[in-house]
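K.L.:
the following block contains a protein sequence and its predicted model.
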Amino acid sequence: MHTKKIFHLISYLQYPLIMAGVFFIFRTFFTGFDTLWENYNYTLIFFGVGISLSTLQDTNKTQNKLSLRVWQNPKSGKTFIAFLTLMTFFFITIGLIGLIFSEGGILKEIAVGLTVLGIGFINLLKAAIEMFENHRTDKNPAVEVIE
């Protein structure tokens, strides 16, 4: 089995991790709101690791026609990459500031989750840049355009 295929299969672990994150969002409603921030921290951590695993997919393929249209259009692709860059910078900056300057409590809990989510977004940003380079029609004339 090819290494690329193995990593693509490993990327499917993203789904149970995202579901675990969703579980912790809803867990608050059943266990009480005294664990709200702890559950949100777990949600951010599971989402961050899940997003990291999703980037192991084959970047030569897209998951649906909508994402293919985004990556084929140079303006849309650049806009989406810029948006991901801003989100990544925001999550990591707020997370690290919270880790450095908080003395504990709620902010410290959420800071860890935001930092992990930001690291996941770094991986997502790398995969997005690869997908954009693989599918953009202005640099790859052989790519089939989806109307």
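P.N.:
Structure received.
K.L.:
which helix in the protein has the most residues?
P.N.:
helix 106-135 (DSSP state H).
K.L.:
show me what that one is packed up against.
P.N.:
helix 36-54, helix 65-72, helix 74-101 (3 or more C-beta pairs under 8 Å, 6 or more residues apart in numbering; DSSP states H and E). Every C-beta, even on glycine, is put in place using the N, C-alpha and C of the backbone.
K.L.:
buried deepest among these, which one?
P.N.:
helix 36-54 (a mean of 21; mean count of other C-beta atoms under 10 Å).
K.L.:
and the angle from that one to helix 74-101?
P.N.:
Between helix 36-54 and helix 74-101, the angle comes out at 140 degrees (axes from the mean of the first three to the mean of the last three C-alpha atoms, to 10 degrees).
K.L.:
for the protein, name the helix or strand with the lowest mean pLDDT.
P.N.:
In the chain, the helix or strand scored least confidently by mean pLDDT, DSSP states H and E is helix 65-72, which has a mean of 80.
K.L.:
now that one against helix 74-101, angle please.
P.N.:
90 degrees.
K.L.:
does Thr62 sit in a helix, a strand or a coil?
P.N.:
Following DSSP: H, G, I helix; E, B strand; the rest coil, we place Thr62 in the coil state.
K.L.:
lovely, talk soon.
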